[in-house]
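**Q** what follows is a predicted protein model with its sequence.
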Amino acid sequence: MTNGLQASAKKPSAVTFTQILFYLAAAVNIVNGIYSLGSQGTVKKLICLAMIVVGVASIWVGARLSAPRASRRSLAISLSVVIIVLRLIEFAVWQSIGFLLGVILPVLIIWRLSSTEAKNWFSLK
């Protein structure tokens with residue numbers, strides 16, 4: 001059994017890149033959520049709170065990707081899908097192309113987690 005330092009030393013670049021993307025997605029969600037919190041309307045305020053919650057969840061999931069467990073990869077892909085859906089909802093509510101461009105980060109995350117090196121690393125015990 002390897003300890004945390006040994007596992008992170010063997011971590012492939014695809015996983016490190018994915019972690020960075022999750023942290024960027026978290027920053028975008030939290031900043032957008034706080035910035036848009038002043039919007040009028042209950043639905044908009046609830047979406048802003050959802051953005052902040054998803055941002056915090058992105059930080060948590062990104063940090064957990066350091067250990068090679070298949071469940072963590074699945075959780076990361078699921079959260080990416082949630083981010084995509086949230087971005088589509090934001091676009092429908094605010095009609096801003098900027099929200100739609102936010103779909104790029106989770107798509108990149110799913111793409112990198114679907115790579116062979118990431119799949120092989122997460123299948124380790």
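**A** Yep, that arrived.

**Q** show me what contacts Leu108?
**A** By Cβ atoms under 8 Å, 6 or more residues apart in numbering, Leu108 lies in contact with Leu21. Every residue, glycine included, has its C-beta placed from N, CA and C.

**Q** tell me which element it falls in.
**A** helix 104-113 (DSSP states H and E).

**Q** now that helix: buried residues?
**A** 105-106, 108-110, 112-113 (16 or more other Cβ atoms under 10 Å).

**Q** count of neighbours near Ser71?
**A** 10 (other Cβ atoms under 10 Å).

**Q** tell me the pLDDT at it?
**A** In this model, Ser71 is scored at 94, pLDDT.

**Q** can you tell me the element it falls in?
**A** helix 70-94.

**Q** ok, and for that helix, which residues are buried?
**A** The neighbour-count check on helix 70-94 (16+ other Cβ under 10 Å) flags 72-73, 75-77, 79-80, 83-84, 86-87, 90-91, 93-94 as buried.

**Q** for the helix or strand following it, what does the pLDDT average out to?
**A** The element immediately downstream of helix 70-94 (helix or strand, assigned by DSSP H and E) is helix 97-101. Averaging pLDDT along helix 97-101 gives 83.

**Q** likewise stretch 19-35?
**A** In this model, stretch 19-35 carries a mean pLDDT of 94.

**Q** export that stretch as PDB, just CAs?
**A** C-alpha atoms of stretch 19-35 as PDB (Å, rounded to 0.1, in the frame of the first residue of the first chain):
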ATOM      1  CA  GLN A  19      -7.300  19.100 -10.700                       C
ATOM      2  CA  ILE A  20      -6.200  22.500 -12.000                       C
ATOM      3  CA  LEU A  21      -9.300  22.700 -14.200                       C
ATOM      4  CA  PHE A  22     -11.500  21.900 -11.200                       C
ATOM      5  CA  TYR A  23     -10.000  24.700  -9.200                       C
ATOM      6  CA  LEU A  24     -10.500  27.100 -12.100                       C
ATOM      7  CA  ALA A  25     -14.100  25.900 -12.500                       C
ATOM      8  CA  ALA A  26     -14.500  26.500  -8.700                       C
ATOM      9  CA  ALA A  27     -13.200  30.000  -9.000                       C
ATOM     10  CA  VAL A  28     -15.500  30.800 -11.900                       C
ATOM     11  CA  ASN A  29     -18.500  29.400 -10.100                       C
ATOM     12  CA  ILE A  30     -17.800  31.200  -6.800                       C
ATOM     13  CA  VAL A  31     -17.000  34.500  -8.400                       C
ATOM     14  CA  ASN A  32     -20.000  34.400 -10.800                       C
ATOM     15  CA  GLY A  33     -22.300  33.400  -7.900                       C
ATOM     16  CA  ILE A  34     -21.100  36.200  -5.600                       C
ATOM     17  CA  TYR A  35     -21.200  38.700  -8.500                       C
END
